[in-house]
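Asks: sequence isn't available, so here's the structure alone:
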């Protein structure tokens, strides 16, 4: 059963878990599963059932007592909430190893994201064809944004260039930025930055690997006290 939810913003922690729910629901749908209980879905997503029910209630989705959730309906509700059902054009700035890999990532289109432009500061890369797009120079960033209207800017540059690139994206009108440079970016209040620090992720995994080998090492969890899988700032 689905009820119209209030227009209150979804809590950030809930929002961070919704893509995981969506991924599992897509797998269930592909396997031909039509309904799923909150316990089954929570177990597959690695969360507590009570947490999952609270998260889904924020969308106005409460399932049916004794039956559970309709997989395709819940998938559509979550997808609509996080923009999965929309077409989101993306510009990637920085075409080193990481940026090039992101430009060819097949998972983007499956989730409603479409790479429309590639930008790199290296003059030698200008005009190079990469995954169906010609690489444009930084000098053309504002022109490219005005022409292709990307909704999201992805920064895959070295740390030293990240703030300058972010400033250029914001000046061109981009208000949502995904940053892969391990640094904190300064942006105006209306701009949202999501930072993915791969080095931090490896450190956290190294900690858990160490604890699995020697549980006595579990003194301080590095994921507590502010560290997170991806930092969100506005």
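Replies: Nice, thanks for sending it over. Fair warning: this is a prediction, and the values are worked out from it, not measured in the lab.
Asks: all contacts plus neighbour counts: C-alpha atoms, from now on.
Replies: Fine.
Asks: please verify my assumption that residue 72 contacts residue 30.
Replies: No - under the contact definition of Cα atoms under 8 Å, residue 72 does not touch residue 30, with a separation of 10.1 Å.
Asks: looking at those two, which has the bigger crowd around it?
Replies: In terms of neighbours (other Cα atoms under 10 Å), residue 72 is the more surrounded of residue 72 and residue 30; the figures are 15 against 10.
Asks: give me the pLDDT value at that one.
Replies: At residue 72, the model reports a pLDDT of 90.
Asks: what sits against it?
Replies: With Cα atoms under 8 Å, 6 or more residues apart in numbering as the criterion, the residues that contact residue 72 are 25, 29, 34.
Asks: phi, psi of it?
Replies: With angles defined as degrees, to the nearest 10, residue 72 sits at phi -70, psi -40.
Asks: how far away is residue 197 from residue 67?
Replies: The span separating residue 197 from residue 67 equals 40 Å under the rule Cα to Cα, to the nearest Å.
Asks: again, but for residue 76
Replies: Where residue 67 is concerned, residue 76 sits at a distance of 18 Å (Cα to Cα).
Asks: how far out from the middle of the chain is the longest strand belonging to the chain?
Replies: Ranked by residue count, the top strand of the chain under DSSP state E comes out as strand 113-120. Relative to its parent chain, strand 113-120 has a centroid offset of 16 Å by Cα atoms, centre = their mean, to the nearest Å.
Asks: pLDDT (mean, whole number) over that strand?
Replies: 94.
Asks: I'd like to know which elements it is packed against.
Replies: Taking 3 or more Cα pairs under 8 Å, 6 or more residues apart in numbering; DSSP states H and E as contact, the helices and strands that strand 113-120 lies on are strand 88-93, strand 133-137, helix 141-148.
Asks: what angle do that strand and strand 133-137 make?
Replies: An angle of 40 degrees separates the directions of strand 113-120 and strand 133-137 when computed by axes from the mean of the first three to the mean of the last three Cα atoms, to 10 degrees.
Asks: which SSE is immediately downstream of strand 113-120?
Replies: Toward the C-terminal end, the helix or strand that comes next after strand 113-120 (DSSP states H and E) is strand 129-130.
Asks: what residues does that next one touch?
Replies: Under the contact criterion Cα under 8 Å, 6+ apart, strand 129-130 has outside partners 100, 103, 135.
Asks: partners of that strand in the sheet?
Replies: Here strand 129-130 has these sheet partners by DSSP bridges: strand 133-137 (antiparallel).
Asks: off-centre distance for the strand it pairs with?
Replies: 24 Å.
Asks: repeat that for stretch 108-119.
Replies: The chain centroid and the centroid of stretch 108-119 are separated by 13 Å, computed with Cα atoms, centre = their mean.
Asks: kindly report the same for stretch 103-115.
Replies: With Cα atoms, centre = their mean as the basis, the mean position of stretch 103-115 lies at 12 Å from the chain mean.
Asks: for that stretch, buried residues please.
Replies: For stretch 103-115, the neighbour count (16 or more other Cα atoms under 10 Å) marks 103, 111, 113-115 as buried.
Asks: now these in JSON lines, with distance to residue 40?
Replies: Rendered in JSON lines, the data for the buried residues of stretch 103-115 read as follows (distance: Cα to Cα, whole Å):
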{"residue": "103", "distance to residue 40": "35"}
{"residue": "111", "distance to residue 40": "23"}
{"residue": "113", "distance to residue 40": "29"}
{"residue": "114", "distance to residue 40": "32"}
{"residue": "115", "distance to residue 40": "35"}
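Asks: thanks a lot, see you next time.
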